[in-house]
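*Asks:* Predicted structure and sequence below. I'll ask about it afterward.
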Amino acid sequence: MDHINNLFQQAQNYIPGGVNSPVRAFKSVGGDPIFFTHGKGPYLYDVNDRPYVDYVCSWGPLIVGHAHPEVIDSVQRAAEQGLGFGAPTPIEVTMAETLCRLVPSMDLVRMVSSGTEATMSAIRLARGFTKRDKILKFEGCYHGHGDSLLVKAGSGALTLGVPTSGGIPAVIAEQTIVLPYNDLETVQKAFRQFGNDIAAVIVEPVAGNMNCILPSLGFLAGLRKVCDDYDSVLIFDEVMTGFRVALGGAQSLYNITPDLTTLGKIVGGGLPVAAFGGKKEIMEMIAPLGPVYQAGTLSGNPVAMAAGLATLKLIQAPDFYKNLTNQTQKLVQGLLTRAEAAGIHMTANQVGGMFGLFFTDQKEVTNYHQATHCNSDRFKSFFHEMLKEGIYFAPSAFEASFVSSAHGDKEIEATHLIAEKVFSRI
Ligand SMILES: *Cc1c(COP(=O)(O)O)cnc(C)c1O
């Protein structure tokens, strides 16, 4: 234990807050983060070699589990050829072909290195294409840390956005309209007022950054229609949902065709890869074809492409998503049953291999307001008690959880048994 505490102290001497991404610091649950050294299948191992069943899966990318032999083998073989050339390579063509086949709304796709880069670039592109400045996003949706996107609603329902982070000029935040998720009426109202200035609507088609929230019936179709009516670009941010809720992403599951799609996480199989793509006429606006600039030294890196492609190959196995969904449902149902038996008010949302638990007596959680009015003390106790017993959930009530194809009945049953004990004492 001492050794772990030392590491966190040492980390804080050199890294702001001791972490390279803020949620890792355990601020919202209290206590110190765990330092992990390796992972295998559904398990993560800490510096004392203690295993944990992992429902974070590197925040989504590891849909085939940690250190899958085929992924590791691909990466090793690619690395032996050299780590990158900053010039065209065959493997990035295979990647682009694969993505355009799996996500048919993308005629053309460009690779980048993070989800943030993908959404920032998609927004610049939408602005360049429409020659408009405003964008519309939804409360509780996270699209990476681009300036235009770290914005919350102003005081009135339809007032212009204000920054949620220091360092963002008000003139940029003002160009972002922020509305409640799943509320089509306010979107239509905003379009009646600002429609001809709105370059794009960006949405997580299943929200995974305010816990896990599903789109209401008609919400995504309504966004499609209003974007058509006003010639605005509809961007589905599928950085999380792409290859997570279905092979073709949320757009295939809900049968809505966006103009642009952003991908990340699973597309890199654990290495830093993301992408944005969509309609040919829009994508052709990007340099070197068009006037919208976008570039990256490491974009399409061959080692990263190898990890992504190996993962994309595995998820195309027959029944992959049927099995993943079944396992996730089994896990969630078992947790709900045990919570109820213990008299704990809990509800859950689940789609494909992603899910979220809510400690609340609300029947359904469909937006940010509801997600932020759950019992956060109970979540903290649940998180820490599960962790003590070797089950690792995300250290925040506002993150979705993930199941991988490596999570078998053994791990799910173990999680149920431990949860039963934990529910009886929180
Ligand atoms: C994770 C995530 C991002 C940001 O991706 P990074 O690789 O962390 O920059 C953007 N959008 C969504 C929906 C995400 O889940």
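*Replies:* Structure's in. What do you need?

*Asks:* Up against the ligand, what does the stretch 101-250 of the chain have?
*Replies:* Taking C-beta under 6 Å from any ligand atom as the contact definition, the stretch 101-250 of the chain meets the ligand at 114-116, 119, 142-144, 204, 208-209, 237, 239-240. (C-beta placed from N, C-alpha, C; glycine too.)

*Asks:* Could you pick out the residues of the stretch 251-400 of the chain near the ligand for me?
*Replies:* Counting by C-beta under 6 Å from any ligand atom, the stretch 251-400 of the chain sits next to the ligand at 264, 274.

*Asks:* try 8 Å this time
*Replies:* 262, 264, 265, 272, 274 (C-beta under 8 Å from any ligand atom).

*Asks:* Show me the domain layout of the protein.
*Replies:* 2-68+318-425, 69-314 (automatic domain parsing).

*Asks:* For the residue of the stretch 301-426 of the chain found nearest the ligand, give its distance to residue 186.
*Replies:* The stretch 301-426 of the chain approaches the ligand most closely through residue 400 (8.3 Å), counting by C-beta to the nearest ligand atom. Using C-beta to C-beta, to the nearest Å, residue 400 is found at 24 Å from residue 186.

*Asks:* the more surrounded of those two?
*Replies:* With neighbours defined as other C-beta atoms under 10 Å, residue 400 and residue 186 compare such that residue 400 has more, 29 against 15.

*Asks:* for the chain, what's the longest helix?
*Replies:* helix 320-341 (DSSP state H).

*Asks:* What residues of that helix count as buried?
*Replies:* 320-321, 324-325, 327-332, 334-336, 338-339 (16 or more other C-beta atoms under 10 Å).

*Asks:* residues contacting the closest residue to the ligand within the stretch 51-200 of the chain?
*Replies:* Nearest residue of the stretch 51-200 of the chain to the ligand, counting by C-beta to the nearest ligand atom: residue 115, 2.1 Å away. Contact analysis of residue 115 by C-beta atoms under 8 Å, 6 or more residues apart in numbering lists 143, 144, 237, 239, 262, 264, 265, 274.

*Asks:* Among those residues, which one lies nearest to residue 395?
*Replies:* Among the contacts of residue 115, residue 265 lies closest to residue 395 (C-beta to C-beta), at 17.9 Å.

*Asks:* wait, doesn't the closest one sit right on residue 238?
*Replies:* No: if you go by C-beta atoms under 8 Å, residue 265 and residue 238 don't touch, sitting 9.3 Å apart.

*Asks:* Between those two, which is the more surrounded one?
*Replies:* Just comparing residue 265 and residue 238: by other C-beta under 10 Å the higher neighbour count belongs to residue 238, 31 against 27.

*Asks:* The more buried one bridge partners, please.
*Replies:* residue 263 (DSSP bridges).

*Asks:* got a list of what it touches?
*Replies:* 103, 204, 205, 249, 250, 251, 261, 262, 263.

*Asks:* Can you say which two of the residues you listed are spatially most distant?
*Replies:* Among the contacts of residue 238, 103 and 204 lie farthest apart (C-beta to C-beta), at 15.5 Å.

*Asks:* Show me what residue of the stretch 251-400 of the chain gets nearest to the ligand.
*Replies:* Closest point on the stretch 251-400 of the chain to the ligand, by C-beta to the nearest ligand atom, is residue 264, at 4.8 Å.

*Asks:* Touching, residue 425 and residue 384? I think so.
*Replies:* No: judged on C-beta under 8 Å, residue 425 makes no contact with residue 384 at a distance of 11.4 Å.

*Asks:* Name the residue in these two with the higher neighbour count.
*Replies:* residue 384 (18 against 8).

*Asks:* Can you tell me the element that one falls in?
*Replies:* helix 376-388 (DSSP states H and E).

*Asks:* What of residue 355?
*Replies:* Assigned by DSSP H and E, residue 355 falls in strand 354-358.

*Asks:* on contacts alone, who are the packing partners of that strand?
*Replies:* Judged by 3 or more C-beta pairs under 8 Å, 6 or more residues apart in numbering; DSSP states H and E, the packing partners of strand 354-358 are helix 320-341, strand 347-351, strand 401-402.

*Asks:* Now that we have these, can you turn them into TSV and tack on mean pLDDT?
*Replies:* Shown next, in TSV, are the helices and strands packed on strand 354-358 (pLDDT from 0 to 100):
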stretch	mean pLDDT
helix 320-341	98
strand 347-351	98
strand 401-402	98
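
*Asks:* Need the three-state assignment for the spatially most central residue of the chain.
*Replies:* Taking C-alpha atoms, centre = their mean, the centroid of the chain lies closest to residue 240, which sits 2.8 Å from it. Put simply, residue 240 is coil when judged by DSSP: H, G, I helix; E, B strand; the rest coil.

*Asks:* show me what contacts the closest residue to it other than its chain neighbours?
*Replies:* Nearest residue to residue 240 in three dimensions, chain neighbours excluded: residue 208, at 4.2 Å (C-beta to C-beta, 6 or more residues apart in numbering). Taking C-beta under 8 Å, 6+ apart, we find residue 208 in contact with 60, 240, 241, 354, 356, 399, 400.
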